[in-house]
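> after the sequence you'll find the predicted model.
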Amino acid sequence: MIIPVRCFTCGSVIGDLYYRFEEEVKKGRDPKEVLDELGVKRYCCRRMLLSHVELIDEIMRYKV
Amino acid sequence: MKVKKVFEDGNEVRLLVTGTNIKLINAIRRAAMSDVPVLAIEDLSIHKNDSVLFDEYIGARLGLLPLKTDLKSYKPGDRVKLVLKEKGPKTVMSSDIRSLDPNVEVVCKNVPIVKLKEGQEIFIEMEAVMSTGREHAKWQPALIAYNEVPKLEGKIGEKSAKAVLQACPKKILEYKAGKIIIDRPDECDLCGNCEEAGHGKLKLALSNSSFILRVETYGGISNLDVLKKAAEALEEKCKEFEAELKKIK
């Protein structure tokens, strides 16, 4: 739905990185590079950003 | 016991603790996880929520935000009021949360809480409570872990040592007078490549008296405060035990 506030596994805050991550990746950059730049070291946190699908915008269409 | 800071970067600190044992280090780790109080949003009164997310969903998200905690003025059980009042269209961020105490603020400012469309509104009053990780993981102050310091045992010639230094993927080994020293034990992954490259001459061993203690705070209190408070919590428990013992005749 919307990016989780924290990593499910280790609990560090990753919610604040998602929009920056998305923006850079949409420019065509390699996600690996962007994650390294954002300082996301552990693979648990990396998958949070990599595998997230932002569905909230779709769902918002059906709310009156 | 000796403690030395070996690495510090942003939220993370690594300490080399020598001359102790695994039980004490583990006790500190467990105390840091479950007995160090910090602030986290706990009680909400939701006056208005027109967004697509349920009240509980927003509540869970708010609770997970780390809050800057002043350990001098807040004791376990203390409360602070915070307010979130926004109108759409907008992505409501954690920085929109206003606290009634200027010393208490959200650590990460850019966490999206919810998205609002034109005409949607959100108005939530919150109360943050000082509590510990024992009750809920949102009150955990930091990530904390330790590992035994690795050491390469055995003698080796200068020629074969070169191959060993090359074999290390992190390039943290150093050759000194027939021995190979792990220069940055906190970076070692224990991959064992060095042992393999030594062809039976080297053995990767773990110390039982030296440890690398890694602390990575979520931002509420500093890394050293986490450890100090953990030590205090342990001390308090020992004192309580001592006092109980005195009652036994």
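Done, it's in.
> now the strands for chain B?
Under the criterion DSSP state E, chain B carries strands at the ranges B:2-9, B:12-18, B:38-49, B:79-87, B:90-93, B:98-99, B:112-116, B:121-131, B:142-153, B:173-176, B:179-182, B:203-217.
> most packed of those strands?
strand B:112-116 (a mean of 23; mean count of other Cβ atoms under 10 Å in any protein chain shown). The way it works is simple: take the backbone N, C-alpha and C, and place the C-beta from them, glycine included.
> ok, it: who's next to it in the sheet?
Strand B:112-116 pairs in its sheet with strand B:90-93 (antiparallel), by DSSP bridges.
> averaged pLDDT, the partner strand. What do you get?
The pLDDT scores in strand B:90-93 average 95.
> do stretch B:216-230 as well
95.
> can you give me the end-to-end span of that stretch?
14 Å (Cα to Cα, to the nearest Å).
> gap between that stretch and the chain center?
Stretch B:216-230 sits 7 Å away from the centroid of its parent chain (Cα atoms, centre = their mean, to the nearest Å).
> residues in contact with that stretch?
Outside stretch B:216-230, the residues that touch it by Cβ atoms under 8 Å, 6 or more residues apart in numbering or on different chains are A:11-13, B:11-13, B:28-29, B:31-32, B:35-39, B:66-69, B:71, B:107-108, B:140-144, B:213, B:215.
> what ranges of chain B fall below the confidence cut-off?
By pLDDT under 70, chain B contains no weakly predicted segment.
> apologies, that question was intended for chain A.
Using pLDDT under 70, the flagged stretches of chain A are A:64.
> the helices in it, which residues?
A:18-26, A:31-38, A:43-50, A:56-60 (DSSP state H).
> list the helices and strands the last one packs on?
Put plainly, it is helix A:56-60. On a contact count with 3 or more Cβ pairs under 8 Å, 6 or more residues apart in numbering or on different chains; DSSP states H and E, helix A:56-60 meets strand B:112-116.
> got a list of contacts for the strand it packs on?
Residues contacting strand B:112-116 (Cβ under 8 Å, 6+ apart): A:2-3, A:15, A:18-19, A:56-57, A:60, B:50-53, B:58, B:61-62, B:84, B:86-94, B:96-97, B:122.
> going through the residues you listed, which ones are buried?
A:2-3, A:15, A:18-19, A:56, A:60, B:50-53, B:58, B:61-62, B:84, B:86, B:88, B:91-94, B:96-97, B:122 (16 or more other Cβ atoms under 10 Å in any protein chain shown).
> near chain A, which residues of chain B?
Chain B comes close to chain A at residues B:10, B:51-53, B:57, B:61, B:64-66, B:94, B:107-112, B:114-115, B:117, B:120, B:137, B:140, B:143, B:216, B:218-219, as judged by Cβ under 8 Å from any Cβ of the partner chain.
> for B:Cys108, grab phi and psi.
phi -90, psi 110 (degrees, to the nearest 10).
> for burial, what's the neighbour tally of it?
20 (other Cβ atoms under 10 Å in any protein chain shown).
> that one contacts B:Leu65, correct?
Yes - in this structure, B:Cys108 is within contact of B:Leu65 by Cβ atoms under 8 Å, at 6.9 Å.
> need the residues touching each of those two.
What both B:Cys108 and B:Leu65 touch, as defined by Cβ under 8 Å, 6+ apart, is the set A:13, B:94.
> not counting its neighbours along the chain, what's nearest the residue nearest the centre of chain A?
The centroid of chain A falls nearest to A:Leu49 when counting by Cα atoms, centre = their mean (3.0 Å). With Cβ to Cβ, 6 or more residues apart in numbering or on different chains as the criterion, A:Leu49 has its nearest non-adjacent residue at 5.0 Å, and that residue is A:Phe21.
> B:Gly192: neighbour count?
Around B:Gly192 there are 11 residues (other Cβ under 10 Å).
> contacts only, for it.
B:Leu204.
> ditto for the one 4 residues further on
When contacts are counted by Cβ under 8 Å, 6+ apart, B:Glu196 is found next to B:Ala167.
> same question for the one 10 residues further on.
Taking Cβ under 8 Å, 6+ apart as the contact definition, B:Leu206 lies against B:148-151.
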